[in-house]
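Engineer: 3D, please:
(2 chains)
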Amino acid sequence: MDNPLVLLIGVPFFGVCASLVSFKSRSLFKYLKEFSFVLSLISFCISIFILAGFNKNTSFFQFIYEIPWFTQSFYIPLSLGVDGISLILIILTCFLTPLCLLSSWDQIKLKDYPFFMINIFLIQFFLLLAFTVLDVFFFYIFFESILIPMFFLIGIWGSRERKIRAAYFFFLYTLFGSLFLLIFLGLILFHVGTTDYILLSHTLFDYPIQKIFWIGFFLSFAVKVPMIPFHIWLPEAHVEAPTIGSMILAGLLLKLGTYAFLRFSLILFPYANTFYTPVLFTLCILSIVFSSFSAIRQSDFKKIIAYSSIAHMNLVVLGIFSVHYEGLNGSVLQMVSHGFVSCGLFASIGVLYHRYHTRLIQYYSGVNHFMPIFTFFFLILVLANISLPGTSSFVGEFLLFLGIFFYSPFSTFLASFSLVFGGIYMLWLLNRICYTNVKFYMFTLPDLAHKEFIMLFSFVFFTILVGIKPDFLIDFYKISLISNIVLQSFKNVIFL
Amino acid sequence: MKNNINNMSGIFDVQHYDLFFAICNLPCEFSLLVFVPLLICYGLLSLKKEEESLVNETFAKLCFIILCNLCVILYTVPRYKMTFLGDQFINDFFVGFNKYFLIILCMIFVILAYYYLESHKIHRFEFYVLFLISLLGFFFMLSSFDFLILYISLEVQSFSFYLLVAFRRNISMCLEASLKYFILGAISSGLFLFGILLIYGYTGSINFMALHYLLKSNDVSVFLDASHVFIGFIFIFCSLCFKLSIAPFHIWSPDVYQGAPLIVAFYFAVVSKIAVFGVFLRLIFFVFFDMLKYYPLANYFMDIFIIICLIIGVFNALLQSRLRKFFAYSSVTHMGFILMGVSSLNLFGLTASLFYIYFYILMNLVAWTFLLVFRHPGDGLHYGNLAMLKGLRQKNEAMAFALCYALYSMSGIPPFAGFLVKFLTLVASLFSGHHVVVFFAIGCSLISAYYYTRLIKLTFFEKIPHEKLEVLEPNRVQSFILQSGALLLFLVYGLWSPIYDVMELLALSLMN
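Structural biologist: Next up, the predicted model:
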């Protein structure tokens, strides 16, 4: 076992097996909570170990582990490897899992622990695999496999009767897009004979084929991002999911869509990228403007954050398809920063929800007066969502706008609506919840507990840390981004 | 070697009618021919009235021992391809593998049948005898190399099936299902005979080898005169589609699956498909292969069947409220996917279809074992409403998980085995240019995902109040079969390359 990547992926798998074993006797259930938390911390330590052993000066995939899985008719290897972008997202996954477990510490009934832990570990397992696997077919498998544990998470531990509808939407929307990807995966096997990413990134497809394949890939990833008109599942899923479900969904699953755009659509189909960029930009800008406007009129605070996630992720996709260094840089940084910020926002409104069991903003007022520490963290996270300078999302968005500006200044003007309206809905949310007078019917419940404090502090700390010195993260993926751009432009030039 | 397959003179040479040689090389069939009468005699003559409650146990054990014997006996058969009795029977890797698979499934069936008959207090030995007769029919079908033998073995198997469905003769639903199956089965046998008639009338031979060589040609003009053969083939194809419940010849299957005793429906759904597929694939890929590849219309006629299968299967399963009919219609959809691999008419397509068939049988095994094990108070005859699944997670998590594996595998969602096999058949279809069918398959996959997740929703998300919670503790043996079948569905990832090699060898031995 000399490959730390395999060890890292084995840890959540071990967690799943342990949870299955604990089904044997009821008395084992109560140890499961601490055990799972320790396991998630171990996975975080291993991911830091991988970070330490990572070579920043090369863009090749590192820690490669390959199993030649299917070699008879086609070549479909199961190969795992990290480059800068994957590494950052793996660190994000391993960082967010313990914090999610902290947020759900007292929310799950004892008899449900094993199944709950199985779901959480399966999500972490599939996410880690999806971010490290170097093969389109296996990426598809893990991309789709996450749907099942999330479906259970939303449907069983969700908060209201509408949860089943939300779970169906989540599942069937993503499945719809992915089934198109399945056909095109088969067609890639037909044309090239392999789905190995490294081999595919060096193949040149004909122009008409590129255009058709791009659409298939686009449909699948656009549902995950989410883009209009495939975004309907996100507000529903976020509202009905338990806090931990929302945190995982916003913090990690949305990144899968943008990561997939960066990894696959950008590199495999360079001509189709330039062909479809106007359409894509239109859809993204529509999504940004529409979701920002929608967020203003919501009365449910989870929906506000959900719509703001749509806006931020579409901005990331704009940055990716600007194919400039700053745009790509900003997209990866914004992915990570949005992971921290929106996860932290869902955690903090989860704190409120667990106390008051309502999500209506009209109910809350003047929380600052009796929960000042909470308000402090909530304020910083809200300002981070608006991309205030000093927070990581400022760096991300600034770089994104710089990249998009190189492609088209008018799009930048339209995309910057996200900034302006972000300010409107987030500040208004903060004001209404925290900063007016306390209403007569409000119970003054206790401020942050120990675990909640640690959780929110971690989010806020890393947001500000990356905001002040983003080089901590950018150094790792800088070279691989540059090599991706070079590869893409090289492929474009070869054809001409 | 005297009976080498490449020697065409076998049809006319009297020397090759060597019965002793055939008995040595088809030991399972002939040993069953000996065991079944012995069992009948034992059942009729030697069991006394006082020991009536022991009948079930005795005969179950005897059957199991006979099956173990068959396993051992089958091992002695030589591995290379040979024909016997004047090229009327064949033995090769495909046949041997399928016979082994059949015997193992029958062992599981006997165990589950014992528990079923025990719990319903049915003490008749004829059940096991009929089962062995149908197994005899399956063995002869698999190793048949001649239309006459094929027809006789089909009829032997069908008759025992008609009787098995009517086994619980006090229940009107079983009798109704049996009558429906009998009438429709008789019509399909008539179609089969008519097909053989046309083929014999035009080519003068009913032997598979002779037909294979007669129809072997790359020249299209040869086949334009062979339209009689093609129409004969269509009749035979339709008759076999009846047995496999491929739409539009599937109409018997929901009613018969719902009406028959549950263990017989299990037998239908799980065990009966292999032998019929063996015959089906041999006819398409060995006997009529070149004709299907080069005849103008032949390439796309299967697409019509596939599209009808998918649409009928999906939209009917959506509307079902009975579990058994639900699984019957989902079978129809799976048949559509298997046909997608078959319609590609190349080695890769055949490999993909074989892969799908074996994993489909495994999925069905888990699903129907779940139905057998699932007891709901007030549902003594196992009519199985969907609503009875509510609250299963509270009663017994292990059973809920097993059902979850089976259902997600059937709907073809990663990471379950059903997804991998479906992907292979889709790729096989894309490779051979049937793009329209692939789009239908994708659309129907999406709709089918909805109704499978609806069952999962009922199982996992619905809660029933604590007072109404009944205990559901299945037998240890039944649980073992259920869980191990479910976990085997994940084995495909680790063992993909070896399993794929085996499937490719099966396909090669079938096609050559």
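Engineer: every contact and neighbour count from this point should use C-alpha atoms.
Structural biologist: Fine.
Engineer: can you check the pLDDT for the residue of the stretch 301-450 of chain A found nearest chain B?
Structural biologist: The stretch 301-450 of chain A approaches chain B most closely through A:His357 (20.9 Å), counting by CA to the nearest CA. pLDDT, A:His357: 88.
Engineer: for my notes, confirm A:Leu445 occurs in a strand.
Structural biologist: No. Residue assignment for A:Leu445, taken from DSSP: H, G, I helix; E, B strand; the rest coil, gives coil, which places it outside any strand.
Engineer: so what's it up against?
Structural biologist: Taking CA atoms under 8 Å, 6 or more residues apart in numbering or on different chains as the definition of contact, the neighbours of A:Leu445 are A:355, A:370.
Engineer: what about it? Give its phi and psi, please.
Structural biologist: Torsion angles at A:Leu445 (phi, psi; degrees, to the nearest 10) stand at phi -90, psi 160.
Engineer: gap between it and B:Leu136?
Structural biologist: Summarising the geometry, the distance separating A:Leu445 from B:Leu136, computed by CA to CA, to the nearest Å, is 75 Å.
Engineer: any idea which helix or strand of chain B has the worst average confidence?
Structural biologist: helix B:220-224 (a mean of 62; mean pLDDT, DSSP states H and E).
Engineer: then chain A?
Structural biologist: The least trusted helix or strand in chain A, going by mean pLDDT, DSSP H and E, turns out to be helix A:471-495, with a mean of 82.
Engineer: how distant is that one from the center of its chain?
Structural biologist: 22 Å (CA atoms, centre = their mean, to the nearest Å).
Engineer: equivalent analysis for stretch B:330-348, please.
Structural biologist: The offset between the C-alpha centroid of stretch B:330-348 and the centroid of the whole chain comes to 14 Å, using CA atoms, centre = their mean.
Engineer: next SSE after the least confident helix or strand of chain B?
Structural biologist: Once the chain leaves helix B:220-224, the next helix or strand it forms, by DSSP states H and E, is helix B:227-244.
Engineer: report the angle between whichever helix or strand comes after that following helix and helix B:227-244.
Structural biologist: Helices and strands here follow DSSP H and E; after helix B:227-244, the next one along the chain is helix B:252-259. Following axes from the mean of the first three to the mean of the last three CA atoms, to 10 degrees, one obtains 20 degrees for the angle between helix B:252-259 and helix B:227-244.
Engineer: state the mean pLDDT of helix B:252-259.
Structural biologist: Computed over helix B:252-259, the mean pLDDT rounds to 93.
Engineer: what comes up buried for the least confident helix or strand of chain A?
Structural biologist: By neighbour count, with 16 or more other CA atoms under 10 Å in any protein chain shown as the criterion, the buried positions of helix A:471-495 are A:473-474, A:476-482, A:484-485, A:487-488, A:491.
Engineer: can you put these in a markdown table and add distance to chain B?
Structural biologist: Listed next are those as a markdown table, based on distance: CA to the nearest CA, whole Å:
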| residue | distance to chain B |
| --- | --- |
| A:Leu473 | 32 |
| A:Ile474 | 34 |
| A:Phe476 | 31 |
| A:Tyr477 | 30 |
| A:Lys478 | 33 |
| A:Ile479 | 33 |
| A:Ser480 | 30 |
| A:Leu481 | 30 |
| A:Ile482 | 34 |
| A:Asn484 | 29 |
| A:Ile485 | 32 |
| A:Leu487 | 29 |
| A:Gln488 | 28 |
| A:Lys491 | 27 |
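Engineer: does the least confident helix or strand of chain A pack against any helices or strands, and if so which?
Structural biologist: helix A:84-103, helix A:266-268, helix A:270-296, helix A:325-356 (3 or more CA pairs under 8 Å, 6 or more residues apart in numbering or on different chains; DSSP states H and E).
Engineer: counting contacts, what elements does the third one pack onto?
Structural biologist: Going back to what we said before, that points to helix A:270-296. When contacts are defined as 3+ CA pairs under 8 Å, 6+ apart, helix A:270-296 packs onto helix A:207-224, helix A:301-321, helix A:409-415, helix A:417-434, helix A:471-495.
Engineer: let's go with 6 Å and repeat that
Structural biologist: With contacts defined as 3 or more CA pairs under 6 Å, 6 or more residues apart in numbering or on different chains; DSSP states H and E, the packing partners of helix A:270-296 are helix A:301-321.
Engineer: now the helix it packs on and helix A:325-356, what's the angle there?
Structural biologist: 170 degrees.
Engineer: residues contacting A:Tyr307?
Structural biologist: The neighbours of A:Tyr307, taking CA atoms under 6 Å, 6 or more residues apart in numbering or on different chains as the test, are A:291, A:295.
Engineer: what about it, distance to B:Arg169?
Structural biologist: Taking CA to CA as the measure, A:Tyr307 and B:Arg169 are separated by 63 Å.
Engineer: separation between B:Pro377 and chain A?
Structural biologist: Between B:Pro377 and chain A the distance is 25 Å, computed by CA to the nearest CA, to the nearest Å.
Engineer: just B:Met399 next, same as before
Structural biologist: B:Met399 sits 13 Å away from chain A, going by CA to the nearest CA.
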